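Need a 3D model of the following:
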Amino acid sequence: MNLLTLDFETYYDKQYSLKKLTIAEYVRDARFRAHGLAVRYPDGRAEFRADVNALLSELQAQYGEHLERTTVVFQNAYFDVYVLKHRFGLTLAHFIDTMLLAYAAHGCRGSEGSDGTGASLKALAMAYNLPVKKGNLDFMCGVREPSAAQFIELEAYAKNDVEITFQLALKLLPSLTRPAVELPLMMHTVRLFTERGLCVETAALDKLAQDVKAETEKWLADAGVSDDDVSRDARFVPLLEKALARTGRLVPNKTGKRGSIPATAKKDPAMLALLDDDDPVVAALAHARTQVKSEDQIVAKLETLKRIASATGGFLPVYLKYYGGHTGRFSGGQKFNLQNMGKDGCWKGLRKALVARRGHKFVIGDLGQIEARVLADLAGQSELVQAFAAGSDIYSELATVVFNEPIRKPRKDEPTAVKEYLDDRRNVGKFGVLGLGFSMGALKCYDQLRSKPQAVRLFETGILTAPICKQLVRTYREKNPRIVAMWKSMESGFRAALLYGFDAPVCGGRVCFQRQGTSVVMWIPSGRAVRYANARIENIPRAIQYMNDDGETAEFTPEGDTLLYGPADKDDKGGTTLYGGKLTENCVQAVARDILVEAILRLERLGWCVVLHVHDEIVLEVPADQVEAAEVALKSEMEATPVWAPGLPLMAEVHTGGCYEK
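Down below sits the predicted model:
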């Protein structure tokens, strides 16, 4: 194969390293120094050269200005491609990354695959029985000018690395399903980080940090407490206990590892409910607690963003991890995770600080209700598919049944009280349509709704109760029996493939489970495989909590065995539990991901610049005079039904602005 493998070796010390800094900060730092570049040529020759500029010129003479007459192989292209671009001015035409190939092959979950195999070069070499990675680079720590002996040792290390990387490419490429989509997608993901970026208004970040700190001081003053009072559990719980006792209440509890503990973590549903408590003393304490717990995290993120922007001339390189999740979805990293940015509170201010370049606009598209639409299509819930296609108000229809009164979307000219009345109840229907499709039970439904700010008023007034949440779940399932049946068929198909080794088609043959060695593969309609490594069935006693008919929490121990996948510990325990609803969720999310990435690649082939995508959202950055054309193209491509999903109705909402905020 015409594969050219490259690997940089660079200076580092105890303070200046990729463990301390992001890639962008490290590469653009004045301390950066390339000790050399290792090359493994297609004919098998390997060399390590300190004269990097001369070597790159030779490679360009042989393979083209952008090395377009070869495919370049890297292990962690985010780093090496960033170095080539920002230190040597070289933009590559084609490249692959063995680390990213491993993510897809092993079903990446964080830093290691679902089979327990890490994605480091050392771990992959061991997993594929390749030459052992030679030692480590400790001998180069703090060395700016290597001695002859050090250079020889570094040369052997680097040449061994490029050989392992090349051999990994040969091993991993055949395992990649849908390479015509996935290989360009890998390059796109790396290019987001190495060639593009979002402009950052650093002055806005300073103002936002001040606002966050001022908000904390305000709530502490309102509650009449100190930072230490609310940040330490030993002090906060007695204060909350005293405040709740004024109205005859107790501190809410939750189940911990060693029994019942106070439910005072900032994301506990009971704690979130206290933010809108009728007693202003209780509400102030709750706000002070959550604000103090959030401030350090928020300010740290702002400082990180400022450092990165300072290093890059005012830009945030968009780091998305290809195949960061088991289903193939992206995740974030590099100390600033764009995937985890909320849309309310301080996050709204942070989004406003990410702006389009001068003379440009962001055109942002969002695939509406994508998971609910895909689920209805795969399950064959035809009346729900038709309702989506017709633009029916499905949220209101479900809420109408649950609350036993007509609910609709409020009009803009209606009084605020009417809007709130309708919105609150319609949002419960929205939660049901979007959240109950993966076998969520009444207890979890109740807990999650209590954490939704929109539902707080309904709980406080007794309109929304535990029995009503149970009725919401029951109504959803009664209205969508084919979705319920899909949960059962997904688990049955997985078990059949695992136990008997034959292909098990489900969803009318559009999804198929297949055993491959110790793994089970779920083939989804796009033709991509979702892998469940080390799939197994075990008898594990477990207690499941549920809501009984009285709306109270109860517990039972189910009979039968448990589906698991992923790494087990030395006692053959651990792994991830699987069941019908989870398999359905995996399938739906994987399909939604493939719909999104195909739209991204089509847009880029049409010449539009995709600068970011988060979950089911695509962001273009376009010249101001091309906004209308971009809006049309974005909506058209996001709503284009894939050839492998005929009849699936897609809907995209598109808006334009100067910052990353609706």
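
Tell me who's in contact with Leu275.
Listed by Cβ atoms under 8 Å, 6 or more residues apart in numbering, the contact partners of Leu275 are Ala283, Ala286, His287, Thr290, Pro453, Val456. No exception for glycine: its C-beta is placed from N, CA and C like everyone else's.

Please repeat the previous calculation with a cut-off of 6 Å.
Ala286, His287 (Cβ atoms under 6 Å, 6 or more residues apart in numbering).

For Gln291, see how far away it is.
10 Å (Cβ to Cβ, to the nearest Å).

which intervals of the chain have sub-threshold pLDDT?
Across the chain, the ranges flagged by pLDDT under 70 are 1, 108-117, 344-345, 569-573, 662.

if I look at the spatially most central residue of it, how far off is Asp227?
With distances taken as Cα atoms, centre = their mean, the residue of the chain nearest its centroid is Ser331 (3.6 Å). Look at Ser331 and Asp227: by Cβ to Cβ, they are 32 Å apart.

and what of Lys134?
Distance of Lys134 to Asp227, given as Cβ to Cβ: 50 Å.

what do you get for Asp447?
Asp447 is 29 Å from Asp227, by Cβ to Cβ.

If you count surrounding residues, which of these two has more?
Asp447 (17 against 14; other Cβ atoms under 10 Å).

Just read off the phi/psi values of the more buried one.
phi -60, psi -40 (degrees, to the nearest 10).

got the domain boundaries for this protein?
As assigned by automatic domain parsing, the chain contains the domains 3-197, 200-316, 382-479, 483-581.

Relative to Val611, which of those is closest?
domain 3-197 (5.1 Å; Cβ to Cβ).

quick one: the closest one to chain centroid distance?
24 Å (Cα atoms, centre = their mean, to the nearest Å).

measure that domain end to end?
29 Å (Cα to Cα, to the nearest Å).

which outside residues touch stretch 183-201?
Contact partners of stretch 183-201, identified using Cβ under 6 Å, 6+ apart, comprise 77-78, 81-82, 85, 97, 100, 309, 314-320, 322, 353-355, 357, 597, 601, 611.

right, I mislabeled it, should have said stretch 609-617
Counting by Cβ under 6 Å, 6+ apart, Arg196, Val318, Gln339, Asp366, Leu367, Ile370, Ile600, Leu603, Glu604, Val619, Glu621 sit against stretch 609-617.

what number of residues lie near Pro453?
Using other Cβ under 10 Å, Pro453 has 12 neighbouring residues.

what's the answer for Ile164, then?
Ile164, neighbours per other Cβ under 10 Å, totals 25.

before we move on, what about Glu604?
Count around Glu604 with other Cβ under 10 Å applied: 15.

what's the nearest residue to it if we skip its chain neighbours?
Nearest non-adjacent residue to Glu604, counting by Cβ to Cβ, 6 or more residues apart in numbering: Val610, 5.9 Å away.

Look up how far Ile23 lies from the one you found.
Here Val610 is placed at a distance of 20 Å from Ile23 (Cβ to Cβ).

Please say which of these two ends up with more neighbours.
Using other Cβ under 10 Å, the more surrounded residue of Val610 and Ile23 is Ile23, with 24 against 20.

quick one, what contacts the more buried one?
With contact taken as Cβ under 6 Å, 6+ apart, Ile23 is in contact with Phe79, Tyr82.

Gly437 now?
Leu375, Ile483.

Three-state assignment for it, please.
Following DSSP: H, G, I helix; E, B strand; the rest coil, the label given to Gly437 is coil.

Please report the number of neighbouring residues for the nearest residue to Leu316 once chain neighbours are set aside.
Leaving out its chain neighbours, the residue that sits closest to Leu316 by Cβ to Cβ, 6+ apart is Leu198, at 4.8 Å. Leu198 has 24 neighbouring residues, counting by other Cβ under 10 Å.

and what of Lys242?
Count around Lys242 with other Cβ under 10 Å applied: 12.

Where does it sit, in terms of helix or strand?
helix 233-245 (DSSP states H and E).

helices or strands next to that helix in the packing?
Applying 3 or more Cβ pairs under 6 Å, 6 or more residues apart in numbering; DSSP states H and E, we find helix 233-245 packed against helix 280-312.

List the buried residues for the helix it packs on?
281-295, 298-299, 301-302, 304-309, 311-312 (16 or more other Cβ atoms under 10 Å).

residue contacts, Val374?
Counting by Cβ under 6 Å, 6+ apart, Val374 touches Val588, Val591, Ala592.

now the helix holding Lys242 and helix 280-312, what's the angle there?
Angle of helix 233-245 versus helix 280-312, following axes from the mean of the first three to the mean of the last three Cα atoms, to 10 degrees, is 140 degrees.

what's in contact with helix 233-245?
Defining contact as Cβ under 6 Å, 6+ apart, one finds that helix 233-245 is touched by Asp229, Val230, Val251, Pro262, Val281, Val282, Leu285, Arg289.
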